[in-house]
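K.L.:
One predicted model, sequence on top.
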Amino acid sequence: MKRIPRWLVVLLAIVIVLVVVALVVPYFLDVDRYRTLIASAIEKETGRKVTIGKIHARLIPSVGFTVDGFALGNPSNFSEGNLLSAEAIRGNLAWGPLLSREFQLSSIEVVNPRIVMLENDQGKSNYDFSSVKRPAAGSTFRLADIDSIKLSDIEFVLGRVTGPKRKVVEEVRVTKINATLSDIALDAKRLKQWKVESDVAGVEMHIPGFKSPIEFHSGEFTLRDGAAASNFEFSLGKVTRAKGSMKVADIEKAVVSFELSTPLVDLDQLNAETVSAPPGPPAAPVRTPGSDLVARGRISADKIRYSPYEGNKASAEVRVFTDRVEIWPATIALYDGSLGVSGRVDRRQSPPRFSSNIELRNLDVSKLMAASPQTRGKMTGIAEVTLQVFGAQGRKMLNSLTGNGNFAVRDARLPGFNMSGALQTLGKFQQVMTFGAGSGGITGDTVIRSITGDLSIADARVNSQRIHVDSNSGTVDLRGSFGFDQTLNYDGQAVLMRDSTSEAKSPGGAILGAIGGVMKQTVGRISVPFAVRGTFSNPKIQPGRGLPGISTGTQQQPTQEEEQKKKGILGIFRKP
């Protein structure tokens with residue numbers, strides 16, 4: 001066996017001694033006495049109160065330390081709490097600066113950090129360090145350069161401080177984030193040298209008002225050369241599962257560009273996921289001047305479902321500002337027509353207020369009605385709607401809606417929901433006037449040339465001052481409302497008018513002709529009041545207040561057949 005060289009034996013002995021020293025010395029070396037010095041140095045760098053737990057030294061595998069707890073407080077005159085807190089911090093020190101009695105962090109691992117970024121009613125934030133005066137050169141503890149920072153199981157909160165009691169209201173909370181940062185320079189002028197890598201799979205985003213969090217199933221986030229990018233896939237309960245991407249061309253300007261796409265958005269599930277949030281104090285208007293663009297992007301969905309209705313090929317252009325969110329525009333294909341929506345959400349109010357302009361064009365009413373068994377076959381036609389709506393976000397959003405607009409339906413038929421009720425009333429009136437003789441011209445199908453009307457939304461109902469129906473049987477004018485609960489409450493008047501070109505075929509023409517024959521006058525029109533009650537699925541047409549009105553013209557010359565019929569009827573009353 002070859003003999004080991006003496007120099008190697010000596011070297012091995014030295015290494016063993018160093019290892020033993022590295023393992024044993026930390027138990028006798030009181031590095032915790034530097035805690036106040038370190039906290040003071042960080043406070044000077046950040047301008048914030050710092051709380052540091054017990055510090056333990058470590059010599060292998062590198063010179064370093066472990067801190068049992070850390071907290072970086074909010075600025076003075078802000079709300080109580082911390083901008084950053086952590087369960088533990090493990091740091092490594094660079095060897096070179098140590099020889100010059102300078103402590104420089106080379107790497108840090110932060111365990112279970114919690115980052116809370118807040119803004120108050122005056123527009124000030126707890127993460128703004130621009131007003132902090134840096135200490136002069138020569139400090140024995142320097143934070144200017146850190147090779148890497150590892151963050152494990154991060155919890156990130158974004159919110160606002162509002163009210164006289166400075167209550168913290170969370171707007172979003174993200175948990176289970178893991179990230180590695182490298183080439184960290186705490187000098188704002190060198191921010192673009194930062195590098196960040198993060199696997200976003202498993203990350204959860206909690207938004208107030210929703211039962212389930214947004215869960216990220218896959219994806220990554222990177223930051224290099226001052227540009228950020230991310231691709232991901234996420235889901236929100238049973239509402240949707242979507243893919244997305246995000247880019248920031250320059251983090252110093254911090255304008256996010258994004259795209260989100262999904263095969264399906266289920267609005268019924270969205271309603272089921274929504275919960276009532278406890279009311280918070282009203283937020284004061286943000287007093288900072290101007291408005292900055294934060295993000296812009298495109299959202300698309302192959303299908304949007306609100307049972308039993310469905311729309312296709314939905315897309316929206318979204319712009320997010322510091323004080324508002326704008327949608328210009330959102331479009332969706334809806335039963336051979338199109339729905340366009342442009343809107344704005346004002347984030348300076350609590351709850352946020354919104355306004356929206358809605359345009360519906362060329363909607364096939366029969367296909368819309370066919371989507372529900374309760375309304376199938378009730379109406380046909382092509383519909384158009386223009387509407388401006390205002391409201392507030394939250395659980396009671398529908399009750400907060402107000403707005404005005406108008407609508408029109410052309411080339412319609414109402415097989416089951418038409419003038420039949422009024423015609424039945426006229427039919428009875430006609431039977432009386434003609435001494436029981438029926439009119440074979442009355443049918444249950446009315447051809448509608450147009451339906452036009454105004455809309456006014458308030459108190460969860462849609463009101464109309466005048467709805468005008470122009471049909472082959474005459475006209476109908478309605479006034480009333482329907483509710484978001486699908487109840488109907490209308491009063492109206494049906495007017496049958498003479499139309500010589502279609503008198504023989506028209507139900508109204510048959511009635512007018514029969515009554516005119518009895519009265520020996522030309523009956524130009526008959527008006528009948530009626531009411532509509534019930535629901536969308538079960539409308540009920542009832543007689544209205546008042547009696548039918550008849551408008552006559554010149555007396556007709558009776559035909560020989562009519563004269564014989566009259567004599568036959570009047571002969572009953574003659575004396576024998």
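P.N.:
Received, thanks.
K.L.:
Could you report the neighbour count for residue 181?
P.N.:
A count of neighbours around residue 181, defined by other Cβ atoms under 10 Å, yields 20. C-betas here are computed from N, CA, C, even on glycine.
K.L.:
Read off the pLDDT value for it.
P.N.:
With respect to pLDDT, residue 181 has a value of 84.
K.L.:
swap in residue 295?
P.N.:
91.
K.L.:
can you give me the strands in the stretch 51-200 of the chain?
P.N.:
Using DSSP state E, counting those that start in this stretch, the strands of the stretch 51-200 of the chain run over residues 55-58, 64-67, 70-73, 82-86, 88-93, 103-111, 114-120, 141-142, 145-162, 167-185, 195-199.
K.L.:
mind checking which of those is nearest residue 253?
P.N.:
Counting by Cβ to Cβ, residue 253 lies closest to strand 195-199 out of the strands of the stretch 51-200 of the chain; the figure is 17.3 Å.
K.L.:
what helix or strand does residue 374 sit in?
P.N.:
Counting by DSSP states H and E, no helix or strand carries residue 374.
K.L.:
For the nearest residue to it once chain neighbours are set aside, give me its contacts.
P.N.:
Distance criterion Cβ to Cβ, 6 or more residues apart in numbering; nearest residue to residue 374, sequence neighbours excluded, is residue 537 at 3.3 Å. Residues near residue 537 by Cβ atoms under 8 Å, 6 or more residues apart in numbering: 372, 374-375, 486.
K.L.:
just those residues now: which is nearest residue 126?
P.N.:
For these, the nearest to residue 126 is residue 486 (48.6 Å; Cβ to Cβ).
K.L.:
what residues are up against that closest one?
P.N.:
535-537.
K.L.:
tell me the pLDDT at it?
P.N.:
85.
K.L.:
ditto for residue 291
P.N.:
So residue 291 comes in at 73 (pLDDT).
K.L.:
ditto for residue 462
P.N.:
Listed pLDDT for residue 462 reads 93.
K.L.:
I'd say it and residue 480 touch.
P.N.:
No: contact between residue 462 and residue 480 fails when scored by Cβ atoms under 8 Å: they sit 9.8 Å apart.
K.L.:
how does this protein divide into domains?
P.N.:
Domain assignment of the chain by automatic domain parsing yields the ranges 35-126+139-186, 211-274, 292-413, 418-445+467-576.
K.L.:
what's the model's confidence in stretch 300-316, averaged?
P.N.:
The average pLDDT within stretch 300-316 is 94.
K.L.:
Check stretch 116-123 too.
P.N.:
81.
K.L.:
same thing with stretch 158-166?
P.N.:
Averaging pLDDT along stretch 158-166 yields 80.
K.L.:
Now do the buried residues in that stretch.
P.N.:
Using 16 or more other Cβ atoms under 10 Å as the test for burial, stretch 158-166 gives 159-163, 166.
K.L.:
Wait, residue 450 touches residue 383, no?
P.N.:
No: using Cβ under 8 Å, residue 450 is not in contact with residue 383; the gap is 10.9 Å.
K.L.:
So for the two, which residue has more residues nearby?
P.N.:
Each of residue 450 and residue 383 has its neighbours counted (other Cβ under 10 Å); residue 383 has more, 20 against 14.
K.L.:
Helix or strand for the more buried one, just tell me which one.
P.N.:
In this structure, residue 383 is located in strand 380-392 according to DSSP H and E.
K.L.:
pull the CA atoms of that strand into CSV?
P.N.:
Output in CSV follows, covering the C-alpha atoms of strand 380-392 (Å, rounded to 0.1, in the frame of the first residue of the first chain):
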residue,chain,number,x,y,z
THR,A,380,-90.4,35.6,-33.1
GLY,A,381,-88.8,38.6,-34.7
ILE,A,382,-85.5,40.6,-34.9
ALA,A,383,-84.7,42.8,-31.9
GLU,A,384,-82.4,45.8,-31.3
VAL,A,385,-81.7,47.5,-27.9
THR,A,386,-79.7,50.6,-26.9
LEU,A,387,-79.3,51.1,-23.2
GLN,A,388,-77.1,53.0,-20.7
VAL,A,389,-76.8,51.5,-17.3
PHE,A,390,-75.3,52.6,-14.0
GLY,A,391,-74.8,50.6,-10.8
ALA,A,392,-72.5,49.5,-8.0
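K.L.:
Give me the sheet partners of it and which way each runs.
P.N.:
Each strand paired with strand 380-392, and its direction, by DSSP bridges: strand 353-364 (antiparallel), strand 402-413 (antiparallel).
K.L.:
Quick one: those strands as a markdown table, columns for mean neighbour count, distance to residue 73 and mean pLDDT too.
P.N.:
Below are these laid out as a markdown table (neighbours: other Cβ atoms under 10 Å; distance: least, Cβ to Cβ, whole Å; pLDDT from 0 to 100):
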| stretch | mean neighbour count | distance to residue 73 | mean pLDDT |
| --- | --- | --- | --- |
| strand 353-364 | 17 | 34 | 93 |
| strand 402-413 | 16 | 44 | 92 |
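K.L.:
List the ones among the contacts of residue 486 that fall in strands.
P.N.:
Judged by DSSP state E, those include no members of strands.
K.L.:
which one among those gets closest to residue 203?
P.N.:
The nearest member of the contacts of residue 486 to residue 203, counting by Cβ to Cβ, is residue 536 at 43.4 Å.
K.L.:
residue contacts, the closest one?
P.N.:
Residue 536 is in contact with 374-375, 482, 486, 488, counting by Cβ under 8 Å, 6+ apart.
K.L.:
swap the cut-off to 6 Å and go again
P.N.:
Going by Cβ atoms under 6 Å, 6 or more residues apart in numbering, residue 536 touches residue 486.
K.L.:
that older thread, list just the one of the domains of the chain that sits closest to residue 458.
P.N.:
Among the domains of the chain, the nearest to residue 458 by Cβ to Cβ is domain 292-413 (5.3 Å).
K.L.:
just so I have it, where are all the helices in the stretch 401-550 of the chain?
P.N.:
Using DSSP state H, counting those that start in this stretch, the helices of the stretch 401-550 of the chain run over 420-433, 507-519.
K.L.:
swap that for the stretch 251-400 of the chain, sorry
P.N.:
Here the stretch 251-400 of the chain has its helices, by DSSP H, counting those that start in this stretch, at 267-273, 365-370, 397-400.
K.L.:
Packed most tightly, which of these would that be?
P.N.:
helix 365-370 (a mean of 18; mean count of other Cβ atoms under 10 Å).
K.L.:
now what about it, what contacts it?
P.N.:
Contact with helix 365-370 is made by 335, 375-376, 378-381, 383, as judged by Cβ under 6 Å, 6+ apart.
K.L.:
closest to residue 262 among those?
P.N.:
residue 335 (20.9 Å).
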